[in-house]
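>>> Show me how the following folds:
(one chain, ligands or ions: 2)
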Amino acid sequence: MTERDFTSILDVSSPELHHLLDTALGMKRDGPSPVLQGQTLAMVFEKPSLRTRTSFEMAMRRLGGQGLYLSGHEVQMGEREPVRDVARVLSRMVQAIAARTYAHHTVTELAKYADIPVVNALSDDEHPCQAVADLLTLRERFGSLTGLRIAYIGDGNNVGRSLAYASVMTGAHLVISGPEGYELDADSMARALALPGGGSVTQVRDPHEAVHDVAAVYTDVWASMGQEHEVTRRAEAFRSYQVNAGLIASAPSDALIMHDLPAHRGEEITDEVIESPRSIVWDQAENRMHAQQAILALLLGGQ
Ligand code: CP
Ligand code: NVA
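Ligands and ions are numbered 1, 2, ... in the order given. Model prediction:
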(Lines give C-alpha, C1' and ligand atoms only; values in the text may rest on other atoms or scores of the structure.)
(Ligands and ions follow the chains in the order given, each with its own letter.)
Protein backbone atom coordinates (compact mmCIF):
# COMPACT_ATOMS: atom_id res chain seq x y z
CA MET A 1 0.00 0.00 0.00
CA THR A 2 1.54 3.26 -1.06
CA GLU A 3 -1.38 5.58 -0.38
CA ARG A 4 -1.08 8.08 2.48
CA ASP A 5 -3.33 7.78 5.52
CA PHE A 6 -4.06 10.20 8.36
CA THR A 7 -5.16 7.83 11.11
CA SER A 8 -2.98 9.69 13.62
CA ILE A 9 -1.20 13.01 13.73
CA LEU A 10 1.91 10.79 13.75
CA ASP A 11 1.19 9.85 10.11
CA VAL A 12 2.75 13.18 9.10
CA SER A 13 6.25 14.40 9.87
CA SER A 14 6.98 17.62 11.70
CA PRO A 15 7.84 19.49 8.43
CA GLU A 16 4.67 18.08 6.83
CA LEU A 17 2.58 19.34 9.72
CA HIS A 18 4.05 22.82 9.25
CA HIS A 19 3.34 22.48 5.52
CA LEU A 20 -0.29 21.52 6.25
CA LEU A 21 -0.69 24.64 8.39
CA ASP A 22 0.86 26.83 5.67
CA THR A 23 -1.42 25.27 3.03
CA ALA A 24 -4.51 25.70 5.21
CA LEU A 25 -3.65 29.35 5.92
CA GLY A 26 -3.16 29.95 2.17
CA MET A 27 -6.45 28.26 1.29
CA LYS A 28 -8.27 30.27 3.94
CA ARG A 29 -6.77 33.51 2.62
CA ASP A 30 -7.08 32.86 -1.12
CA GLY A 31 -9.87 30.25 -1.27
CA PRO A 32 -9.16 26.65 -2.26
CA SER A 33 -8.57 25.61 -5.86
CA PRO A 34 -10.57 22.69 -7.31
CA VAL A 35 -7.73 20.16 -7.09
CA LEU A 36 -10.04 17.26 -6.20
CA GLN A 37 -12.49 17.63 -9.07
CA GLY A 38 -14.61 14.51 -9.48
CA GLN A 39 -13.29 12.86 -6.29
CA THR A 40 -15.53 11.48 -3.54
CA LEU A 41 -14.81 11.11 0.18
CA ALA A 42 -16.90 8.44 1.94
CA MET A 43 -17.60 9.53 5.53
CA VAL A 44 -18.42 6.61 7.85
CA PHE A 45 -19.51 7.91 11.27
CA GLU A 46 -20.16 5.56 14.20
CA LYS A 47 -20.64 8.57 16.54
CA PRO A 48 -22.60 11.82 16.19
CA SER A 49 -21.02 14.97 14.76
CA LEU A 50 -21.76 18.55 13.76
CA ARG A 51 -18.38 20.13 12.98
CA THR A 52 -16.51 17.14 11.57
CA ARG A 53 -19.22 16.03 9.20
CA THR A 54 -19.99 19.56 7.96
CA SER A 55 -16.35 20.54 7.62
CA PHE A 56 -15.39 17.40 5.66
CA GLU A 57 -18.38 17.77 3.37
CA MET A 58 -17.71 21.46 2.76
CA ALA A 59 -13.97 20.88 2.38
CA MET A 60 -14.58 18.35 -0.41
CA ARG A 61 -17.11 20.65 -2.07
CA ARG A 62 -14.72 23.61 -1.97
CA LEU A 63 -11.96 21.44 -3.50
CA GLY A 64 -14.25 20.48 -6.39
CA GLY A 65 -15.18 17.02 -5.06
CA GLN A 66 -17.94 15.70 -2.84
CA GLY A 67 -18.53 13.99 0.48
CA LEU A 68 -20.76 10.94 0.88
CA TYR A 69 -22.10 10.51 4.42
CA LEU A 70 -22.62 6.93 5.59
CA SER A 71 -24.19 6.42 8.99
CA GLY A 72 -22.46 3.88 11.18
CA HIS A 73 -25.87 2.47 12.09
CA GLU A 74 -26.36 1.54 8.46
CA VAL A 75 -22.87 0.31 7.60
CA GLN A 76 -22.40 -1.46 10.97
CA MET A 77 -18.66 -1.96 10.51
CA GLY A 78 -17.56 -5.21 12.09
CA GLU A 79 -21.17 -6.38 12.57
CA ARG A 80 -22.98 -6.43 9.23
CA GLU A 81 -19.63 -7.20 7.62
CA PRO A 82 -15.94 -7.14 8.60
CA VAL A 83 -14.16 -3.78 8.66
CA ARG A 84 -11.72 -5.08 6.04
CA ASP A 85 -14.58 -5.75 3.62
CA VAL A 86 -15.94 -2.23 4.10
CA ALA A 87 -12.44 -0.93 3.28
CA ARG A 88 -12.16 -3.03 0.12
CA VAL A 89 -15.65 -2.20 -1.19
CA LEU A 90 -15.31 1.55 -0.60
CA SER A 91 -11.87 1.44 -2.28
CA ARG A 92 -13.59 0.33 -5.51
CA MET A 93 -16.03 3.24 -5.57
CA VAL A 94 -14.63 6.32 -3.86
CA GLN A 95 -11.24 8.02 -3.59
CA ALA A 96 -10.89 8.39 0.22
CA ILE A 97 -12.52 7.43 3.52
CA ALA A 98 -13.02 9.55 6.63
CA ALA A 99 -14.01 7.42 9.63
CA ARG A 100 -15.30 8.40 13.07
CA THR A 101 -15.10 5.33 15.27
CA TYR A 102 -15.16 4.03 18.80
CA ALA A 103 -12.15 1.68 18.70
CA HIS A 104 -9.06 3.27 17.18
CA HIS A 105 -8.31 -0.16 15.75
CA THR A 106 -11.28 0.23 13.39
CA VAL A 107 -9.58 3.21 11.71
CA THR A 108 -6.23 1.43 11.40
CA GLU A 109 -7.95 -1.72 10.10
CA LEU A 110 -9.70 0.38 7.44
CA ALA A 111 -6.35 1.94 6.53
CA LYS A 112 -4.68 -1.46 6.34
CA TYR A 113 -7.19 -2.90 3.88
CA ALA A 114 -8.18 0.18 1.86
CA ASP A 115 -6.30 1.06 -1.32
CA ILE A 116 -7.28 4.68 -0.77
CA PRO A 117 -6.37 7.24 1.93
CA VAL A 118 -8.14 6.86 5.29
CA VAL A 119 -8.55 9.88 7.58
CA ASN A 120 -9.33 9.65 11.28
CA ALA A 121 -12.40 11.82 11.90
CA LEU A 122 -12.10 11.06 15.67
CA SER A 123 -11.54 7.74 17.37
CA ASP A 124 -11.40 6.89 21.07
CA ASP A 125 -7.62 7.48 20.89
CA GLU A 126 -7.09 10.47 18.61
CA HIS A 127 -8.65 13.48 16.92
CA PRO A 128 -5.85 14.55 14.57
CA CYS A 129 -7.93 16.84 12.33
CA GLN A 130 -8.97 18.80 15.41
CA ALA A 131 -5.33 19.27 16.43
CA VAL A 132 -4.43 20.66 12.98
CA ALA A 133 -7.35 23.12 13.18
CA ASP A 134 -6.35 24.13 16.72
CA LEU A 135 -2.76 24.86 15.75
CA LEU A 136 -4.01 26.70 12.66
CA THR A 137 -6.11 28.90 14.94
CA LEU A 138 -3.08 29.64 17.13
CA ARG A 139 -0.84 30.29 14.08
CA GLU A 140 -3.39 32.85 12.88
CA ARG A 141 -3.35 34.60 16.24
CA PHE A 142 0.32 34.46 17.10
CA GLY A 143 2.10 34.11 13.72
CA SER A 144 4.33 31.32 15.02
CA LEU A 145 3.90 28.34 17.30
CA THR A 146 7.53 28.21 18.35
CA GLY A 147 7.75 28.53 22.11
CA LEU A 148 4.00 29.12 22.48
CA ARG A 149 2.66 27.82 25.81
CA ILE A 150 -0.79 26.19 25.90
CA ALA A 151 -2.63 24.72 28.90
CA TYR A 152 -4.95 21.77 28.34
CA ILE A 153 -7.22 21.39 31.36
CA GLY A 154 -9.14 18.14 31.71
CA ASP A 155 -9.15 14.61 30.40
CA GLY A 156 -6.10 12.95 28.83
CA ASN A 157 -8.32 11.81 25.98
CA ASN A 158 -8.32 11.70 22.16
CA VAL A 159 -8.24 15.51 21.84
CA GLY A 160 -5.50 15.87 24.47
CA ARG A 161 -3.37 13.13 22.91
CA SER A 162 -3.44 14.52 19.36
CA LEU A 163 -2.83 18.03 20.69
CA ALA A 164 0.16 16.80 22.72
CA TYR A 165 1.77 15.15 19.68
CA ALA A 166 1.02 18.12 17.42
CA SER A 167 2.33 20.64 19.94
CA VAL A 168 5.69 18.89 20.28
CA MET A 169 5.93 18.55 16.48
CA THR A 170 5.41 22.28 15.97
CA GLY A 171 7.60 23.67 18.75
CA ALA A 172 4.77 24.58 21.15
CA HIS A 173 4.74 23.72 24.86
CA LEU A 174 1.62 21.98 26.16
CA VAL A 175 0.92 21.78 29.89
CA ILE A 176 -1.77 19.21 30.71
CA SER A 177 -3.62 19.34 34.02
CA GLY A 178 -6.24 16.85 35.14
CA PRO A 179 -7.18 14.71 38.14
CA GLU A 180 -5.43 11.55 39.22
CA GLY A 181 -6.39 8.60 37.06
CA TYR A 182 -7.31 10.74 34.04
CA GLU A 183 -3.83 11.86 32.92
CA LEU A 184 -2.51 11.35 29.42
CA ASP A 185 -1.15 7.80 29.63
CA ALA A 186 2.57 7.15 30.07
CA ASP A 187 3.04 5.56 26.63
CA SER A 188 1.55 8.57 24.85
CA MET A 189 3.64 10.93 26.99
CA ALA A 190 6.81 9.01 26.12
CA ARG A 191 5.86 8.95 22.45
CA ALA A 192 5.15 12.70 22.45
CA LEU A 193 8.44 13.51 24.17
CA ALA A 194 10.39 11.47 21.62
CA LEU A 195 8.99 13.42 18.67
CA PRO A 196 11.11 15.92 16.75
CA GLY A 197 9.90 19.50 16.39
CA GLY A 198 11.27 21.29 19.44
CA GLY A 199 8.09 21.45 21.54
CA SER A 200 7.26 19.77 24.82
CA VAL A 201 4.45 18.32 26.90
CA THR A 202 4.31 18.25 30.69
CA GLN A 203 1.62 17.28 33.20
CA VAL A 204 0.91 19.11 36.46
CA ARG A 205 -1.82 18.39 38.98
CA ASP A 206 -2.68 21.98 39.89
CA PRO A 207 -4.71 23.68 37.11
CA HIS A 208 -3.80 27.13 38.44
CA GLU A 209 -0.12 26.30 38.04
CA ALA A 210 -0.82 24.98 34.52
CA VAL A 211 -2.38 28.22 33.26
CA HIS A 212 -0.17 30.81 34.94
CA ASP A 213 2.05 31.71 31.96
CA VAL A 214 0.17 30.42 28.91
CA ALA A 215 -1.09 32.06 25.73
CA ALA A 216 -4.20 29.86 25.60
CA VAL A 217 -6.29 27.71 27.92
CA TYR A 218 -7.92 24.70 26.22
CA THR A 219 -10.51 22.31 27.59
CA ASP A 220 -12.68 19.43 26.38
CA VAL A 221 -15.63 17.49 27.78
CA TRP A 222 -15.10 15.37 30.90
CA ALA A 223 -16.97 12.38 29.45
CA SER A 224 -16.37 11.66 25.78
CA MET A 225 -18.70 9.92 23.37
CA GLY A 226 -18.87 6.30 24.50
CA GLN A 227 -18.25 7.21 28.16
CA GLU A 228 -21.82 8.28 28.92
CA HIS A 229 -22.06 5.67 31.69
CA GLU A 230 -19.15 7.40 33.49
CA VAL A 231 -20.70 10.89 33.53
CA THR A 232 -21.40 11.01 37.29
CA ARG A 233 -18.04 9.58 38.35
CA ARG A 234 -16.17 11.88 36.00
CA ALA A 235 -18.13 14.99 37.06
CA GLU A 236 -16.97 14.31 40.61
CA ALA A 237 -13.34 13.65 39.63
CA PHE A 238 -13.03 16.74 37.40
CA ARG A 239 -14.92 19.17 39.68
CA SER A 240 -11.88 21.32 40.46
CA TYR A 241 -10.79 21.39 36.81
CA GLN A 242 -13.61 23.55 35.48
CA VAL A 243 -12.42 26.40 33.25
CA ASN A 244 -14.18 29.23 35.05
CA ALA A 245 -13.49 32.85 36.04
CA GLY A 246 -11.51 31.69 39.09
CA LEU A 247 -9.14 29.58 37.02
CA ILE A 248 -8.82 32.19 34.28
CA ALA A 249 -7.83 34.73 36.96
CA SER A 250 -4.64 32.66 37.39
CA ALA A 251 -3.83 32.97 33.65
CA PRO A 252 -2.32 36.00 31.90
CA SER A 253 -5.00 38.64 31.25
CA ASP A 254 -4.75 38.15 27.48
CA ALA A 255 -4.81 34.33 27.47
CA LEU A 256 -7.23 32.96 24.85
CA ILE A 257 -9.91 30.35 25.55
CA MET A 258 -10.15 27.22 23.40
CA HIS A 259 -12.58 24.29 23.21
CA ASP A 260 -13.05 21.78 20.39
CA LEU A 261 -16.86 21.75 20.97
CA PRO A 262 -19.49 20.62 21.68
CA ALA A 263 -19.13 22.31 25.09
CA HIS A 264 -21.04 21.30 28.19
CA ARG A 265 -21.55 24.69 29.80
CA GLY A 266 -21.52 24.46 33.58
CA GLU A 267 -19.34 21.33 33.47
CA GLU A 268 -15.84 21.66 31.96
CA ILE A 269 -16.36 25.36 31.12
CA THR A 270 -18.68 28.10 32.30
CA ASP A 271 -21.01 30.02 30.05
CA GLU A 272 -19.24 33.24 31.07
CA VAL A 273 -15.81 32.01 29.95
CA ILE A 274 -16.86 30.46 26.64
CA GLU A 275 -18.87 33.58 25.76
CA SER A 276 -16.05 35.97 26.74
CA PRO A 277 -14.23 38.09 24.12
CA ARG A 278 -11.13 35.97 24.71
CA SER A 279 -12.88 32.83 23.46
CA ILE A 280 -11.71 31.67 20.02
CA VAL A 281 -13.84 28.53 19.88
CA TRP A 282 -15.75 29.65 16.77
CA ASP A 283 -12.47 30.25 14.90
CA GLN A 284 -11.41 26.73 15.89
CA ALA A 285 -14.67 25.34 14.52
CA GLU A 286 -14.37 27.22 11.21
CA ASN A 287 -10.75 26.21 10.88
CA ARG A 288 -11.73 22.54 10.84
CA MET A 289 -12.85 23.15 7.25
CA HIS A 290 -9.65 24.91 6.18
CA ALA A 291 -7.43 22.38 7.97
CA GLN A 292 -9.21 19.43 6.36
CA GLN A 293 -8.97 21.00 2.91
CA ALA A 294 -5.21 21.02 3.39
CA ILE A 295 -5.21 17.43 4.71
CA LEU A 296 -7.36 16.15 1.82
CA ALA A 297 -5.29 18.06 -0.73
CA LEU A 298 -2.11 16.49 0.70
CA LEU A 299 -3.52 12.94 0.72
CA LEU A 300 -5.43 13.05 -2.56
CA GLY A 301 -3.93 15.83 -4.60
CA GLY A 302 -0.29 15.53 -3.62
CA GLN A 303 -0.23 19.15 -2.41
N1 CP B 1 -15.03 19.07 17.50
C2 CP B 1 -15.72 18.09 16.86
O3 CP B 1 -15.15 17.12 16.36
O4 CP B 1 -17.06 18.30 16.80
P5 CP B 1 -18.15 17.25 16.26
O6 CP B 1 -18.16 16.11 17.24
O7 CP B 1 -19.44 18.01 16.22
O8 CP B 1 -17.74 16.79 14.91
N1 NVA C 1 -13.37 14.09 23.53
C2 NVA C 1 -14.62 14.33 22.84
C3 NVA C 1 -14.40 15.18 21.63
C4 NVA C 1 -15.63 15.54 20.86
C5 NVA C 1 -15.35 16.29 19.61
C6 NVA C 1 -15.25 13.01 22.46
O7 NVA C 1 -14.53 12.10 22.05
O8 NVA C 1 -16.46 12.87 22.60
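
>>> Helices of the stretch 51-200 of the chain, start to end?
51-62, 72-75, 83-91, 104-113, 128-142, 158-169, 186-193 (DSSP state H, counting those that start in this stretch).

>>> On the three-state scheme, the closest residue to Ile248 other than its chain neighbours is what?
In space, and not counting its chain neighbours, Ile248 is closest to Val273: 6.0 Å by C-beta to C-beta, 6 or more residues apart in numbering. The C-beta positions use only the backbone N, C-alpha and C, and glycine is treated the same way. Here Val273 is recorded as helix under DSSP: H, G, I helix; E, B strand; the rest coil.

>>> Who's the closest spatial neighbour of Gln37, skipping the chain neighbours?
Leaving aside its chain neighbours, Gln37 sits nearest to Gly64 (3.8 Å; criterion: C-beta to C-beta, 6+ apart).

>>> got it, and Asp283?
The spatial neighbour of Asp283 that comes closest, neighbours along the chain excluded (C-beta to C-beta, 6+ apart), is Thr137 at 5.0 Å.

>>> What is the neighbour count of the one you found?
Neighbourhood size, Thr137 [other C-beta atoms under 10 Å]: 24.

>>> Compute the distance between the one residue sitting closest to the centre of the chain and Ala291, please.
The centroid of the chain falls nearest to Gln130 when counting by C-alpha atoms, centre = their mean (2.2 Å). Gln130 sits 8 Å away from Ala291, going by C-beta to C-beta, to the nearest Å.

>>> And Pro15, by the same measure?
17 Å.

>>> ditto for Arg234
28 Å.

>>> do Met93 as well
26 Å.

>>> The two: who's more crowded?
Neighbour totals were compared for Met93 and Ala291, and Ala291 leads with 30 against 10 (other C-beta under 10 Å).

>>> so which helix or strand takes in the more buried one?
In this structure, Ala291 sits in helix 281-301 according to DSSP states H and E.

>>> For that helix, which helices and strands make contact with it?
helix 14-30, helix 51-62, strand 96-100, strand 118-120, helix 128-142, strand 256-259 (3 or more C-beta pairs under 8 Å, 6 or more residues apart in numbering; DSSP states H and E).

>>> need those in JSON lines with distance to Ala166 and mean pLDDT, can you?
Formatted as JSON lines, the helices and strands packed on helix 281-301 follow (distance: least, C-beta to C-beta, whole Å; pLDDT from 0 to 100):
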{"stretch": "helix 14-30", "distance to Ala166": "7", "mean pLDDT": "98"}
{"stretch": "helix 51-62", "distance to Ala166": "17", "mean pLDDT": "98"}
{"stretch": "strand 96-100", "distance to Ala166": "18", "mean pLDDT": "98"}
{"stretch": "strand 118-120", "distance to Ala166": "13", "mean pLDDT": "98"}
{"stretch": "helix 128-142", "distance to Ala166": "4", "mean pLDDT": "99"}
{"stretch": "strand 256-259", "distance to Ala166": "13", "mean pLDDT": "99"}
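
>>> between those, which gets nearest to ligand 1?
Ligand 1 sits nearest to helix 51-62 of all the helices and strands packed on helix 281-301, at 3.2 Å, using C-beta to the nearest ligand atom.

>>> What residues sit buried inside the closest one?
Using 16 or more other C-beta atoms under 10 Å as the test for burial, helix 51-62 gives 51-53, 55-62.

>>> With stretch 19-39 instead?
Across stretch 19-39, burial judged by 16+ other C-beta under 10 Å covers 20-21, 23-25, 27-28, 32, 35-36, 39.

>>> Around ligand 2, pick out the residues from the stretch 201-303 of the chain.
Within the stretch 201-303 of the chain, the positions lying close to ligand 2 (C-beta under 6 Å from any ligand atom) are 220-221, 224-225, 260.

>>> and which of those is nearest Met169?
Asp260 (18.3 Å; C-beta to C-beta).

>>> Tell me the pLDDT of the nearest residue to the residue nearest to the centre of the chain once chain neighbours are set aside.
Excluding its sequence neighbours, the residue lying closest to Gln130 (C-beta to C-beta, 6+ apart) is Asp260, at 5.1 Å. Predicted confidence (pLDDT) for Asp260: 98.
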